[in-house]
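Colleague: give me coordinates for this.
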Amino acid sequence: MKNIHLAALHMVPGVGHARIKSLVAYFGDAEQAWLASKDDLRLSGCLDEMLCNKIVICREKIDVSKLLENWERKGIRIVSLGEAEYPALLANTYNPPAVLYYRGTLPVSDKLISIVGSRRATAYGRNVCKMLASQLAAAGIGVVSGAARGIDSAAHSGALEEGYTIAVLGNGVDICYPPENARLFEQIVEKGSLLSEYPPGTNPQPKLFPARNRIINGLSRGVLVVEAAERSGSLITADFALEEGRDVFAVPGSILSKTSKGTHYLIKQGAKLVDCAADILDEYGWGGFQRECKPQLLSTEEQSVYHVLQADNPVGIDEIVSQTQLPVPTVTHILLQLELQDLAIGYGGQRYMRTAREGTR
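Modeller: Sure thing, here's the model as predicted:
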């Protein structure tokens, strides 16, 4: 792994991306900077006395060969700014990371859209987000998000149904946060990428997440906000997008919902309203969303249950039984079949929603 010395420098406390770039420029490459004597480090003018001492101390503690072996075993790779594999859009931002750590595969094109939103997403928000992410991925567009609870997780799940997704983390790529996303992370590694500017082993901390948002935007042509409160990290992400000249899209919601206040604010400020993937695809001339839908034949009883379900609000099983006049065991069995066909989604408290999908509003 040719960038292992770059990563070793990055693991020294206080040596950030700016100093790494300066050290590499002075010494010619990261290996020479890592192996430089204290006097040479001081003469470089890139570091103060304290940081020179820290590099010397860390060099004695960090076994680069063992570090390399450990990361290769975990499937962790490194790409540095200036390499051909480094994401092109991110490289052209104001403050691109000097080094990125990832598991999986990096994107091969810049056809990427980020999707962000509330961690406390409503059933409507998760449902719509999954639909839009799936449609974008089916059209060959990579979906970027932050792997958090709520909208982020729905975006990754939807994209994985049809294509590629990138999860940008606020911790090391060898740490799963939130922990309930362990299976989702495994799927992302198989069909996309877990990516971070923080070295492996870095635990999640609140102060690290705002910086992560600039990478989510930097990777993408535009950002889609699905749900957001009036003051939220999603609006910060949208601000980063505007600062980098990227496009902002927003999904409308109920005027009575707190999680729609932020998206409605963005729309008022000029964000493009989105209610289907074609609204985004047309913006870039990427062509309309086209996916051949296989007809799904439902029995009379299945149709009666399906038509009781709503796409924007979960319906309790008691209400379904009341409206269909079918026995509880029959309704339960039908709901399971609808879930297996991806026509329904189950929520807590025996509540169900119709899966948001093209043609279903």
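Colleague: so Arg212 sits in a helix?
Modeller: Yes: following the definition DSSP: H, G, I helix; E, B strand; the rest coil, Arg212 is counted among the residues of a helix.
Colleague: do you have the helices of the stretch 251-361 of the chain handy? List them.
Modeller: With DSSP state H, counting those that start in this stretch applied, the stretch 251-361 of the chain shows helices at 261-268, 278-284, 300-308, 317-324, 328-340, listed in chain order.
Colleague: mean neighbour count, these: which tops it?
Modeller: Comparing the helices of the stretch 251-361 of the chain on average neighbours per residue, with mean count of other C-beta atoms under 10 Å, the densest one is helix 261-268 at a mean of 20. Just so you know, the C-beta spots here come from the backbone N, C-alpha and C atoms, and that holds for glycine as well.
Colleague: residues contacting that one, please?
Modeller: Contacts of helix 261-268 from elsewhere in the structure, counted by C-beta atoms under 8 Å, 6 or more residues apart in numbering, are 225-232, 234-235, 238, 248, 250-253, 255, 271, 273.
Colleague: restricted to strands, list those residues.
Modeller: When those are checked against strands using DSSP state E, the ones located there are Val225, Val248, Ala250, Leu273.
Colleague: write the ChimeraX selection for whichever of those residues are buried.
Modeller: Selecting in ChimeraX just the buried members of these, where the criterion is 16 or more other C-beta atoms under 10 Å, is done with this command:
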select :225,248,250
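Colleague: any idea which of the helices of the stretch 251-361 of the chain gets closest to Val168?
Modeller: For the helices of the stretch 251-361 of the chain, distance to Val168 was read as C-beta to C-beta. The smallest value, 19.1 Å, belongs to helix 278-284.
Colleague: elements contacting that closest one?
Modeller: Applying 3 or more C-beta pairs under 8 Å, 6 or more residues apart in numbering; DSSP states H and E, one finds that helix 278-284 makes contact with strand 222-225, strand 247-250, strand 272-273.
Colleague: what about Glu49, neighbour count?
Modeller: For Glu49, the neighbour count with other C-beta atoms under 10 Å is 10.
Colleague: I figured it hits Asp39, correct?
Modeller: No: the pair formed by Glu49 and Asp39 falls short of the contact definition of C-beta atoms under 8 Å, at 11.5 Å.
Colleague: dump the ones in strands among the contacts of helix 261-268 into TSV; add pLDDT and distance to Tyr102 as well.
Modeller: TSV is the format used below for the ones in strands among the contacts of helix 261-268 (pLDDT from 0 to 100; distance: C-beta to C-beta, whole Å):
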residue	pLDDT	distance to Tyr102
Val225	95	25
Val248	94	26
Ala250	94	29
Leu273	95	33
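Colleague: okay, the helices and strands packed on helix 278-284 in a markdown table with distance to Ser157 next?
Modeller: Converted to a markdown table, the helices and strands packed on helix 278-284 look like this (distance: least, C-beta to C-beta, whole Å):
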| stretch | distance to Ser157 |
| --- | --- |
| strand 222-225 | 15 |
| strand 247-250 | 19 |
| strand 272-273 | 24 |
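Colleague: between the ones you listed, which one is nearest to Arg77?
Modeller: strand 222-225 (25.8 Å).
Colleague: just the CA coordinates for that closest one, please, in CSV.
Modeller: In CSV, the C-alpha atoms belonging to strand 222-225 read as follows (Å, rounded to 0.1, in the frame of the first residue of the first chain):
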residue,chain,number,x,y,z
GLY,A,222,-26.1,18.1,-6.0
VAL,A,223,-27.7,17.5,-2.6
LEU,A,224,-31.2,16.3,-2.0
VAL,A,225,-32.7,17.1,1.4
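Colleague: residues in contact with that strand?
Modeller: Outside strand 222-225, the residues that touch it by C-beta under 8 Å, 6+ apart are 113-117, 132, 216-217, 234-235, 237-238, 241, 246-251, 262-263, 266, 271, 274, 280, 283.
Colleague: that one: how far from the chain's middle?
Modeller: 11 Å (C-alpha atoms, centre = their mean, to the nearest Å).
Colleague: quick revisit: of the ones in strands among the contacts of helix 261-268, closest to Gly170?
Modeller: Proximity of the ones in strands among the contacts of helix 261-268 to Gly170 (C-beta to C-beta) peaks at Val225, which lies at 18.4 Å.
Colleague: what's the distance between the closest one and Gly245?
Modeller: 17 Å (C-beta to C-beta, to the nearest Å).
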